[in-house]
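Chemist: how does the following fold in three dimensions:
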Amino acid sequence: MFERQKGEFVSKKKDQIREYKQNDRPAGIYQVRNIVNGKVLIGASVNLPGIFNRYRFQLSMATHPNKGLQTEWSEYGADNFAFEVLDQLAPRPDAADPREELQALEDLWLEKLQPFGERGYNEKKKGQDEKLKLIAERRAGK
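Modeler: Numbers count the residues shown, from 1 in each chain. Got it, this is the predicted structure:
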């Protein structure tokens, strides 16, 4: 009797996993906004609810990789931050990977809002020349 129940449990769990994978999750551009000082972190995700959940968990556990955001979250508290969707991609019937489109949209939002330095938590992305110089320096042992 236990084996049958166990098998039913495994089957139900597999069905739930399959259903989760088949559901369209909203993809798009988001910001985490500090309500106290207006600073923002801009990002892109193929799963907006998932990234918000992950960030809240990381920030509450003091393990978020963005140290500036983490410091101010710890200082001001969760109630002083808003998680907002800036742009959302429409679901695509062809199930194509939206990452390239998301990268382009993220670049547009970063250009528009300039969330760097005193204005936000993002770091400026390195250009091609800067990336090549960094690689060369690492190889040279600098």
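Chemist: apart from its chain neighbours, what residue comes closest to L102?
Modeler: Once flanking residues are discounted, L102 sits nearest to A44: 4.1 Å by Cβ to Cβ, 6 or more residues apart in numbering. C-betas here are computed from N, CA, C, even on glycine.
Chemist: got a list of contacts for the helix or strand the one you found falls within?
Modeler: When secondary structure is defined by DSSP states H and E, A44 falls within strand 40-45. Residues outside strand 40-45 that contact it (Cβ atoms under 8 Å, 6 or more residues apart in numbering): 27-34, 51, 66, 69, 86, 102-103, 105-106, 109-110, 113, 115, 119-122.
Chemist: those strands in this protein, which residues are they?
Modeler: Applying DSSP state E to the chain gives strands spanning 28-34, 40-45, 81-88.
Chemist: mind listing what's buried in the longest one?
Modeler: Just to be clear, that refers to strand 81-88. F81, F83, L86 (16 or more other Cβ atoms under 10 Å).
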